[in-house]
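**Student:** Okay, predicted coordinates and the sequence, questions at the end:
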Amino acid sequence: MDASEIAKIAQIASALEVSGYPKPGNVHRTRDYDDMVFEDFIISGIVIGDAIREACTDVDVENPKLGKYILQAVAETDRWINNNTNLGIVMMITPIAVAAAISDSFDDIRENVKIVMGNTSVDDACDLYDAINIADAGGMGDQDEYDVASDSAKQELRDNNQTMYDVLKISAPWDMLAREMTSDMPAVFEIGYPTYHELKQEKTQNEACILTFLTILSQVPDTLISRKYGSDEALKVSMMVRDLLNLKDEPDFAERLKEFDDFLFNNKLNPGTTADLTAASIFVSYLKSNFE
């Protein structure tokens, strides 16, 4: 697929994800937070386009430089926005985008994600650490091993020949995005994308986004919540979402959804990882539609 087309789809997916409302516990078009607002995410989705397009142009499969383009997208976002609005989205979308660029059909993409992730380098790992530090994102790589906040972290990566895949594998037990990127993206390709792709045929784009978000969250406890409040709290939220989804055909579902959004917001329970997975799922769905 053409690099410019892939970049446009990445921008569209970013915009559609943040526009979904009321997307429980997250910034959306009718909910701002004190430190970031809806417009921040719209701008962020626009400005990643150049990096995604460049990443998908003349791809070297043996050295796809995923870290370079993740860093480039995050640095460009930082020029316009003072918050970490899209590190997770960029981390998820970049390997999928590059995989799409080297795929002859949609069915090749998932296998090619595995290939390009496996071909990441130590330079990619260092670039990813720089991106995380620019975004000031907590939780990934901030354990004892290869602490992203350590001044010597990148030298340790080089001394130990740790690729981006390697450091994400270390983070996988406590970070869902790292787990997705090192395990063929099951939440995106087996839960999120199929759900969204089917729903958008019969629902509004907004309804498809919200129900996809809820479906992912019901099956995959959010690791942003678990890092802040523990795995039990994250599981509790997922169980609440399962109960909510059972009522999706009830006439008062919209009211219940709004109440759940208020509950998460008031309790500072932010399923931000699920939002990133939702954006990636929308991205994959639109890639499929454009391959057909």
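**Tutor:** Thanks, I have it.

**Student:** all contacts plus neighbour counts: C-alpha atoms, from now on.
**Tutor:** Will do.

**Student:** Can you spell out which helices and strands pack onto the helix or strand residue 254 falls within?
**Tutor:** Assigned by DSSP states H and E, residue 254 belongs to helix 253-266. On a contact count with 3 or more Cα pairs under 8 Å, 6 or more residues apart in numbering; DSSP states H and E, helix 253-266 meets helix 231-245.

**Student:** buried stuff in the helix it packs on?
**Tutor:** Residues of helix 231-245 classed as buried: 231, 233, 234, 235, 237, 238, 239, 241, 242, 244, 245 (neighbour count, 16 or more other Cα atoms under 10 Å).

**Student:** Could you pull up the mean pLDDT of it?
**Tutor:** Across helix 231-245, pLDDT averages out at 97.

**Student:** now the angle from it to helix 253-266?
**Tutor:** 160 degrees (axes from the mean of the first three to the mean of the last three Cα atoms, to 10 degrees).

**Student:** Contacts only, for the nearest residue to residue 192 once chain neighbours are set aside.
**Tutor:** Leaving out its chain neighbours, the residue that sits closest to residue 192 by Cα to Cα, 6 or more residues apart in numbering is residue 281, at 5.0 Å. With contact set as Cα atoms under 8 Å, 6 or more residues apart in numbering, residue 281 has these partners: 188, 189, 192, 193, 196.

**Student:** Now with 6 Å, please.
**Tutor:** 188, 192, 193 (Cα atoms under 6 Å, 6 or more residues apart in numbering).

**Student:** got a winner among those residues for most neighbours?
**Tutor:** Neighbour counts for the contacts of residue 281, by other Cα atoms under 10 Å, peak at residue 192, which reaches 28 neighbours.

**Student:** and it, that's in a helix?
**Tutor:** Yes - if the criterion is DSSP: H, G, I helix; E, B strand; the rest coil, then residue 192 is within a helix.

**Student:** how close does it get to residue 256?
**Tutor:** 22 Å (Cα to Cα, to the nearest Å).

**Student:** Relative to residue 81, which of the buried residues of helix 231-245 is nearest.
**Tutor:** In terms of Cα to Cα, no member of the buried residues of helix 231-245 lies closer to residue 81 than residue 234, at 28.4 Å.

**Student:** Thought residue 221 was touching that closest one, still the case?
**Tutor:** Yes - in this structure, residue 234 is within contact of residue 221 by Cα atoms under 6 Å, at 5.3 Å.

**Student:** Can you give me the buried ones in the next helix or strand after the helix holding residue 254?
**Tutor:** Following helix 253-266 in sequence order, the next helix or strand is helix 272-291 (DSSP H and E). Residues of helix 272-291 classed as buried by neighbour count (16+ other Cα under 10 Å): 272-288.

**Student:** Ok, stretch 29-44 next?
**Tutor:** In stretch 29-44, counting by 16+ other Cα under 10 Å, buried: 29, 31, 36, 37, 38, 39, 40, 41, 42, 43, 44.
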